[in-house]
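[1] Provided below are the primary sequence and the corresponding predicted coordinates.
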Amino acid sequence: MINIKENARLNILNHSCAHLMAQAIKHLYSNAKFWVGPVIEDGFYYDIDLGDEVIKEEDLPKIEKEMKKIAKDGKKIIRHELSKEEALDMFKDDPYKIDLINRMDENDTIISCYTQGDFTDLCRGPHVDTVKLLKHFKLLKISGAYWKGDANNKMLQRIYGICFENEADLEAHLQELEEAKMRDHRKLGKELELFMSDDLVGRGLPMFLPKGYIVWQELENYIKNKERQLGYQHVMTPCVGNVELYKTSGHWDHYKDNMFPAMEVDGEAFVLRPMNCPHHMMIYANKLHSYKDLPIRIGEIAHDFRYEASGAIKGIERGRHFCQNDAHLFVTPEQIKDEFKNVVDLIFDVYKDFNIIDYRLVLSLRDPDDKEKYHPDDAMWDKAENELREVLNDLGMEYTEEIGEAAFYGPKLDVNVKPAVGNEYTLSTCQLDFCLPAKFDLKYVDSDGIKKTPVVLHRAILGSLDRFMAYIIEETKGNLPLWLAPVQVNIIPVNNEYHLEYATAIKTLLEQNNIRVELDDRDEKLSYKMRESQTKKIPFTLILGDREKENNEISYRIHGSRDTINLDRQAFIDMLNNKIIKKEF
RNA sequence: GCCGGUUUAGUUUAAUGGUAAAACAAGUCACUCGUAAUGAUUAGCUGUAGGUUCGAUUCCUACAUCCGGCACCA
């Protein structure tokens, strides 16, 4: 998908279109006051204060019509420059613009405006020369948006739109949006019977159906095997913990609002856990460790519960219950760099298996001007941040640094991806923690015999299995690779009377080879079963009739293909196993 | 949580201020079939609670759900 913001021509076009939209809205809603109207990756928006009036989705065509009218009239877009005083005078009735002018840099003595016909807006520009060039646009959606992005502020109305140089590009873009909706994991999850949810169970509490749980289990086995090979030890800990545990960890103070409320039992308070760190800290503390034991890697596929804001819940991408592919790595300060590198290596080893290539690495660092916000060990921060950088640089990875985005307890690396619909989210993460081990008074005995505090790395490779599954469903459009497919082979006997026996024999043979197979022996036409096999996105469909029975072979069709292939049974099984082992997509 | 929209059968969708329709799915019957939908037939629905009305699935209110954003994601 094209990035409007990074395409110079489209950027200007869309920015001008935002002004055109504002002008049209001013014509139709005379009370409208405008905040900002920037260009974004997929178009533009404008934040508007309409007082008591409300623009609804059904009003968008009306606004588009007015925009077309203004564009057709073809007024020039003229830039003029004002002093700050002149600008303040010009916009004296508009508190939003006054706010913007006052926020400008001290050195910005000249303020520019753009005028098109009866409409003038404060703007740096640049813009196209005339509104006549704005022809191929569409207003896409409308929503509320807090003024200055702060939930304590008033909510403005935001209208999103997009503009292209020609109609074909616009149509293509709208088509892409439609296609993205088709691969939304919520839609595919329902169609392919992977998961469900129900009001009676509760909001944000999806349930995995038999087919979805097969995928889930494959993911679990996959990552546990990887981790085992890398020296991880897996544990199992309860989903509930005493509130005191979270007071010790500090989560009670920092994270309480995102937790389900505590429940009282026998005079003590318990919570559903939102994360597993405290439990794993206790496991480390269960015995005294030598420096020779470190790094100690404690992993768990752990059920967690977070009281997510209702508006944040989205299928299995973000629910109030989820399963983390969590691990805590206990290391000496000297081991931070190597262990961080191990985690990064693991992330990209896994991504290779899942064919994940479209991601963004974000290294979150502390804000050096705001040091009180963070764990106080200055030297530790500097050293660790540099080491994380070095690892990424040594690996030749592209990443962006976000200053001030680190957690108070340490810097972190996030790997972010984009879903079919909605905002970017974090898939994998590795976070350093200088605080938690001390809170639990964790120690190891160093070579000099002195007890020292380890550093912890929190890391999640698949993130949450639920979210990872959502991502894979969308990326594959529901055509899961063979090793993940809930049903790998569907067998259709040509005739139930004559071929069922042979079909059953083949089914048994495949099952003996650990292939997930279904036999469709319903009284339906072959073409009917064939169609269903395709709509269910089953990777391999076998057709077994006289020919196959006589030659002791099988005929199969690969999902999405119209060709039938004949093969010896064993050759077919070998081929499947080979694909499964190689995790072929 | 906030702004706006949404809610009709298992699913996808239609319709109406006079009591709800179709397709697919499900059940039954017939067809025994060679690569994307065989035919007949049966059963099943207006999110919840109020209000307006002679009468509400339709209008109104509240709540809930889901959707698009915003905010959130130590």
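    Noted; the coordinates are in hand.
[2] Give the burial count for the residue in the stretch 251-400 of chain A that RNA strand B sits nearest to, as a bare number.
    Residue nearest to RNA strand B within the stretch 251-400 of chain A (CB to the nearest atom of the strand): residue A:311, separated by 1.6 Å. The C-beta positions use only the backbone N, C-alpha and C, and glycine is treated the same way. By other CB atoms under 10 Å, 6 other residues sit near residue A:311.
[3] okay but residue A:458 is in contact with residue A:428, surely?
    No. Look at residue A:458 against residue A:428 with CB atoms under 8 Å: they stay out of range, at 11.6 Å.
[4] Now the one residue in the stretch 401-550 of chain A that gets nearest to RNA strand B: phi and psi?
    Nearest residue of the stretch 401-550 of chain A to RNA strand B: residue A:545, at 2.4 Å (CB to the nearest atom of the strand). Main-chain torsions, residue A:545, degrees, to the nearest 10: phi -140, psi -160.
[5] Once you drop chain neighbours, what's closest to it?
    Of all residues not flanking residue A:545 in the chain, residue A:494 sits nearest, at 3.2 Å (CB to CB, 6 or more residues apart in numbering).
[6] ditto for residue A:332
    Per CB to CB, 6+ apart, closest to residue A:332 is residue A:294, 5.5 Å.
[7] what's near enough to touch that neighbour?
    By CB atoms under 8 Å, 6 or more residues apart in numbering, the residues touching residue A:294 are A:330, A:331, A:332, A:335, A:444, A:454.
[8] Do I have it right that residue A:307 meets residue A:258?
    Yes. Taking contacts as CB under 8 Å, residue A:307 lies within contact range of residue A:258: 5.7 Å.
[9] can you list residues touching both of those two?
    The contact sets of residue A:307 and residue A:258 do not overlap (CB under 8 Å, 6+ apart).
[10] picking up where we left off before, quick one: contacts for the residue of the stretch 401-550 of chain A closest to RNA strand B?
    A:493, A:494, A:495, A:498, A:499.
[11] Out of those, which are close to RNA strand B?
    A:494, A:495 (CB under 7 Å from any atom of the strand).
[12] Need the buried ones from the contacts of residue A:545 selected in PyMOL.
    Typed into PyMOL, the line below selects the buried ones among those, using 16 or more other CB atoms under 10 Å:
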select buried, chain A and resi 493+494+499
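[13] The contacts of residue A:545 in strands, which ones?
    Among these, the members falling in strands are residue A:493 (criterion: DSSP state E).
[14] so can I have CSV of the contacts of residue A:545 showing pLDDT?
    As requested, the contacts of residue A:545 are exported to CSV (pLDDT from 0 to 100):
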residue, pLDDT
A:493, 96
A:494, 95
A:495, 91
A:498, 91
A:499, 94
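[15] in the stretch 51-200 of chain A, which spans are helices?
    For the stretch 51-200 of chain A, the helices defined by DSSP state H, counting those that start in this stretch cover A:60-73, A:84-90, A:95-103, A:167-182, A:185-191.
[16] Now mean neighbour count and distance to residue A:13 too, for the ones you listed, in JSON lines please.
    What follows is the helices of the stretch 51-200 of chain A, written out as JSON lines (neighbours: other CB atoms under 10 Å; distance: least, CB to CB, whole Å):
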{"stretch": "helix A:60-73", "mean neighbour count": "16", "distance to residue A:13": "12"}
{"stretch": "helix A:84-90", "mean neighbour count": "15", "distance to residue A:13": "26"}
{"stretch": "helix A:95-103", "mean neighbour count": "15", "distance to residue A:13": "23"}
{"stretch": "helix A:167-182", "mean neighbour count": "13", "distance to residue A:13": "11"}
{"stretch": "helix A:185-191", "mean neighbour count": "20", "distance to residue A:13": "32"}
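[17] now for those helices, which one comes closest to RNA strand B?
    Nearest of the helices of the stretch 51-200 of chain A (CB to the nearest atom of the strand): helix A:185-191, 4.7 Å.
[18] Now that closest one: average pLDDT?
    Averaging pLDDT along helix A:185-191 gives 96.
[19] Stretch A:19-33 too?
    On average, stretch A:19-33 scores 94.
[20] Wait, residue A:484 touches residue A:472, no?
    Yes. Using CB under 8 Å, residue A:484 is in contact with residue A:472, at 7.1 Å.
[21] what do those two both touch?
    residue A:215.
[22] Where do the domain boundaries of chain A fall?
    With domains defined by automatic domain parsing, chain A comprises A:8-179, A:189-473, A:489-581.
[23] For residue A:479, find the nearest of those domains.
    Nearest to residue A:479 among those is domain A:489-581; the distance by CB to CB comes to 5.2 Å.
[24] Which positions in the stretch 251-400 of chain A make contact with RNA strand B?
    A:251, A:254-255, A:258, A:275, A:277, A:308-315.
[25] Perfect, that will be all.
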